[in-house]
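Q: 3D model of this:
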Amino acid sequence: MLFCVPRRAAAFRGAALTLASAFALVAHAATPITVTSKTATDGPIRYTVKVVSKQFGNAQETRTLRSGETDDFTWRTTPPHGAVPTPDGCPDYASLPLDTNGAMVRQTQVRLAPIVASNGTANVQLSFRAQAPRGTHAVTSGGKSLTCPDVVQHTQVIRFSMPTNGAAKTVKLADGTQITISAVR
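A: Coordinates of the predicted model:
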């Protein structure tokens, strides 16, 4: 009985060494990886978004995204005639872009959602939303007469393809706003 345990242990050690050798052979038999590009098509890619709008103002910013990610660009600017005082009883008060003094300013939001194909072309979905005050009007709320801003807004979603080699793509929205995007790896 005493000799059975060492024989089993020796057999187990032999089987373990044979199994380890088999794994080592399999690891060495893998095909080599060929590098065809130094930068993966899914990023990171630097996107520069530039907005030019008479109504909503001008803005520009650069951010880095990977394919399949989304990013929200938001800019607030003071209108040419100044921010418009906005009492909290005005319609849609909670959704208005306000400065620290509670006055309405212009706000532009761009959501960029690129998907980069294997050939390096970015298929982009761009969502645009902007609000700005344009004058005022009288409103009665809770028995009080208030002067609230007239709100002009524009929302649009567009889809387009563009290269990721630094060339710029300009799109024009229905309200006349121009958005220029460039993408660089």
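
Q: for this structure, what spans make up the helices?
A: For the chain, the helices defined by DSSP state H cover 4-28.

Q: okay, strands next: where are they in it?
A: For the chain, the strands defined by DSSP state E occupy 45-52, 59-65, 71-77, 84-85, 103-104, 106-116, 122-141, 144-162, 165-172, 178-184.

Q: so, low pLDDT: which residues of the protein?
A: Scanning the chain for pLDDT under 70 picks out the ranges 1-43.

Q: pick out the residue nearest the middle of it.
A: Taking C-alpha atoms, centre = their mean, the centroid of the chain lies closest to Asp71, which sits 1.6 Å from it.

Q: contacting residues for it?
A: Asp71 sits next to 47, 63, 65, 111-112 when contact means C-beta atoms under 8 Å, 6 or more residues apart in numbering. Placement of C-beta: from N, CA and C, glycine included.

Q: of all the strands of the chain, which one is nearest Ser95?
A: Nearest to Ser95 among the strands of the chain is strand 122-141 (8.3 Å), distances taken as C-beta to C-beta.

Q: quick one: buried residues of the closest one?
A: Neighbour counts over strand 122-141 (16 or more other C-beta atoms under 10 Å) mark 122, 124, 126, 128-133, 136 as buried.

Q: and that strand, what does it pack against?
A: Secondary-structure packing of strand 122-141 (3 or more C-beta pairs under 8 Å, 6 or more residues apart in numbering; DSSP states H and E): strand 106-116, strand 144-162, strand 178-184.

Q: can I get the ones you listed in a markdown table including mean neighbour count and distance to Thr170?
A: A markdown table is the format used below for the helices and strands packed on strand 122-141 (neighbours: other C-beta atoms under 10 Å; distance: least, C-beta to C-beta, whole Å):
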| stretch | mean neighbour count | distance to Thr170 |
| --- | --- | --- |
| strand 106-116 | 20 | 14 |
| strand 144-162 | 15 | 10 |
| strand 178-184 | 18 | 5 |
